[in-house]
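In: when you get a sec, could you give me coordinates for this:
(chains A and B)
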Protein chains: 2
Amino acid sequence: MDSIVKVKATAPMPEPAELNAAERLATLAFDDMRRVDALILDRLQSHVTLIPELARYLIEAGGKRVRPMITIAAANMIGCRDEAPIKLAAAVEFIHTATLLHDDVVDESGMRRGKAAANLVWGNASSVLVGDFLFARSFSLMVEAGSMKALGVLSAAASTIAEGEVRQLAAVKDTGVSVETYLEIIDAKTAALFAAAAQVAGIVAARPIVEEKALETYGRELGLAFQLVDDALDYDGAAAKLGKSVGDDFREGKVTLPVALSILSADDEQRAFWDRVIGQLDQHDGDFETALAYMREHKAIEATIEAAHNRAAKARQALAIFPANEWRLALEALASFVVTRAH
Amino acid sequence: MDSIVKVKATAPMPEPAELNAAERLATLAFDDMRRVDALILDRLQSHVTLIPELARYLIEAGGKRVRPMITIAAANMIGCRDEAPIKLAAAVEFIHTATLLHDDVVDESGMRRGKAAANLVWGNASSVLVGDFLFARSFSLMVEAGSMKALGVLSAAASTIAEGEVRQLAAVKDTGVSVETYLEIIDAKTAALFAAAAQVAGIVAARPIVEEKALETYGRELGLAFQLVDDALDYDGAAAKLGKSVGDDFREGKVTLPVALSILSADDEQRAFWDRVIGQLDQHDGDFETALAYMREHKAIEATIEAAHNRAAKARQALAIFPANEWRLALEALASFVVTRAH
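Out: Residues are numbered from 1 along each chain as shown, chains lettered A, B, ... in the order given. The predicted model follows:
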């Protein structure tokens, strides 16, 4: 916690060597990920044509499949060449896609993966129901994978995600959200699925509990890093180029880390500003720019990015117990990658 | 199919003897259902207080727990006194409650179980997320029950429900919906879960496939009967007393059997009426009463209730292969019960 608040200002820049290393993971996992993609496309089929149509709109919009890739890479790192990780990877992506569809309804988002959000195209009702369909199909895929223990981990992750989302909803417009509460929220809504995605590889490979826990830690810390960067990018113009709406969190009154840190360091005038724009959601032209100026003054974005770097380092450390094969190196590179560019 | 359209008009009245028989099921299942209820209350706990609060609002509103009671009664009928049916019964009720929460968002309902629908009290976002939570927890309960086959049946039912709901959504305002399409929709959105609720009892009791299928048929036919009665009651003033909104389907432009049958028999003037009020959803004062008059003219409500009776008879017949113990008699009585009063 301390490491987040007491921050040395460093603005990390993408390092080309790390980007190349991350691309290596995609190359390594290429064949397995093609099988995952084929399974995803097969299992979202339905005689109700709207379902594959809407689901493909989102799934083919070019999500990077980070979560299923973690399952695949972790399984390969520990020498598991089963069919089970392929099934579980597809299940993980289905859970993720279902939550995206529901989040768009919850957040009333405008953009998703560089396109109009599905709920704007097909309506909230379709997004809710197709999300339910994908969620149900994810459990059918888990049944095919055949591991009751993996099913338990993923169903627990799914309820934790919902808890995190409800907490986030309750925390909207609450300028009193602490750094600790923020971390608990992102741990639930984002990191839990990353953690489960890694852990289930250890489960179906029947690895010792210490390895299963190390994979779980890798996923969790990576997920935290991922979300911290995401929340920083919502206050960063560079995100606009990546098809994300900048300023969504601000407009919705979400208290993410850049805001929580800015409030922590605010003087009376700044506190009144945050109370108005976040607490009362009373926003006018120029307020977003003022928020950015206050964040710059307190180095809140840099601190958020540094927190992400710390989490990524913990993710890499968790892998130390595994053989240093190309898959482990690629997973380590992924941890570096998520904090150095948008996702 | 024919039996629905070519109907002899008979308006069945509740028979006190049948009601008493149905009450016998509730009495028989009392102890097990108390365990199911305790499990439900335990598993909807969360440190995020809104979740149990919202879920209890719905669960304690006095749903009759018809679906979990089917699982419990079927298990007892075939002599299974395991813990697994208790867990699966709770899982079935969680799936059902999750779909109710999401349906209210999809339908923009005003009333549910005699109270304002949860989405009107807590907002759509909370209803979506708490539904997701309950859905996830239902799978955790299935994991505890320990049967991968039962998990497969229930996850398949869950995706079928979503398919049925999407189809129903697409069929709104479509005056061309056939009786066959209507039956396919209610088979998916309602009967699939009844069927699974009964079938899983046979699965965890490791009964021969013929018994498992008989239970599945019982559940499916009972579910169809149940939904047919529900759709008839939406055009019946008696439903208002039971805390249901009458005329919801009409106002939403849903083509249920009473409407589909009335359109089948409509003359030109009546067809123009249905095209306006359902096809264009252009409704004015007095239109609902006119719709009721046309339905009376073509005995569309009676035909719907008769179709329900036929389905209930098939449900009872499916049980013929089982020993005629008190549980089988009670399940038979339940099939009679659902068509003779509202639920």
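
In: just the helices from the stretch 1-150 of chain A, written as ranges.
Out: According to DSSP state H, counting those that start in this stretch, the stretch 1-150 of chain A carries its helices in the segments A:2-5, A:16-28, A:30-43, A:50-59, A:66-77, A:84-107, A:118-122, A:124-145, A:148-171.

In: could those be laid out in JSON lines, adding mean neighbour count?
Out: C-beta: built from backbone N, CA, C; applies to glycine. Formatted as JSON lines, the helices of the stretch 1-150 of chain A follow (neighbours: other CB atoms under 10 Å in any protein chain shown):
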{"stretch": "helix A:2-5", "mean neighbour count": "14"}
{"stretch": "helix A:16-28", "mean neighbour count": "15"}
{"stretch": "helix A:30-43", "mean neighbour count": "16"}
{"stretch": "helix A:50-59", "mean neighbour count": "20"}
{"stretch": "helix A:66-77", "mean neighbour count": "27"}
{"stretch": "helix A:84-107", "mean neighbour count": "26"}
{"stretch": "helix A:118-122", "mean neighbour count": "20"}
{"stretch": "helix A:124-145", "mean neighbour count": "26"}
{"stretch": "helix A:148-171", "mean neighbour count": "23"}
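
In: in a markdown table, list those along with mean pLDDT and distance to chain B.
Out: Formatted as a markdown table, the helices of the stretch 1-150 of chain A follow (pLDDT from 0 to 100; distance: least, CB to the nearest CB, whole Å):
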| stretch | mean pLDDT | distance to chain B |
| --- | --- | --- |
| helix A:2-5 | 40 | 22 |
| helix A:16-28 | 69 | 29 |
| helix A:30-43 | 94 | 9 |
| helix A:50-59 | 86 | 6 |
| helix A:66-77 | 97 | 16 |
| helix A:84-107 | 94 | 4 |
| helix A:118-122 | 80 | 10 |
| helix A:124-145 | 96 | 4 |
| helix A:148-171 | 97 | 4 |
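
In: how about those helices in a markdown table, adding distance to B:Val246?
Out: As requested, the helices of the stretch 1-150 of chain A are exported to a markdown table (distance: least, CB to CB, whole Å):
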| stretch | distance to B:Val246 |
| --- | --- |
| helix A:2-5 | 56 |
| helix A:16-28 | 57 |
| helix A:30-43 | 40 |
| helix A:50-59 | 29 |
| helix A:66-77 | 46 |
| helix A:84-107 | 28 |
| helix A:118-122 | 30 |
| helix A:124-145 | 22 |
| helix A:148-171 | 33 |
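
In: low-confidence regions, the stretch 201-343 of chain A specifically.
Out: Flagging of the stretch 201-343 of chain A using pLDDT under 70 yields the residue ranges A:237-245, A:341-343.

In: could you check how far the one residue in it that gets nearest to chain B is from B:Leu120?
Out: Nearest residue of the stretch 201-343 of chain A to chain B, counting by CB to the nearest CB: A:Glu252, 10.9 Å away. Distance, A:Glu252 to B:Leu120, by CB to CB, to the nearest Å: 22 Å.

In: these two touch, right, A:Glu252 and A:Gln168?
Out: No. Under the criterion of CB atoms under 8 Å, A:Glu252 makes no contact with A:Gln168, lying 9.9 Å away.

In: quickly list what's touching both of these two.
Out: Here A:Glu252 and A:Gln168 have no joint contacts, going by CB atoms under 8 Å, 6 or more residues apart in numbering or on different chains.

In: residue contacts, the residue of the stretch 201-343 of chain A closest to chain B?
Out: A:Asp107, A:Val172.

In: try 10 Å this time
Out: Counting by CB atoms under 10 Å, 6 or more residues apart in numbering or on different chains, A:Glu252 makes contact with A:Val106, A:Asp107, A:Glu108, A:Ser109, A:Gln168, A:Leu169, A:Val172, A:Lys173, A:Asp234, A:Ile278, A:Leu281.

In: tell me the one among the residues you listed nearest to A:Leu329.
Out: A:Asp234 (31.0 Å; CB to CB).

In: roughly how far does the closest one sit from A:Met295?
Out: From A:Asp234 to A:Met295 the distance is 11 Å (CB to CB).

In: what touches both of the two?
Out: Residues touching both A:Asp234 and A:Met295 (CB under 10 Å, 6+ apart): A:Pro258, A:Val259, A:Ile301.

In: most neighbours of all the residues you listed, which one?
Out: Neighbour tally across the shared contacts of A:Asp234 and A:Met295 (other CB atoms under 10 Å in any protein chain shown): the maximum, 29 neighbours, falls on A:Pro258.

In: hang on, that residue packs against A:Ala300?
Out: Yes. The criterion here is CB atoms under 10 Å, and A:Pro258 meets it with A:Ala300 at 4.4 Å.
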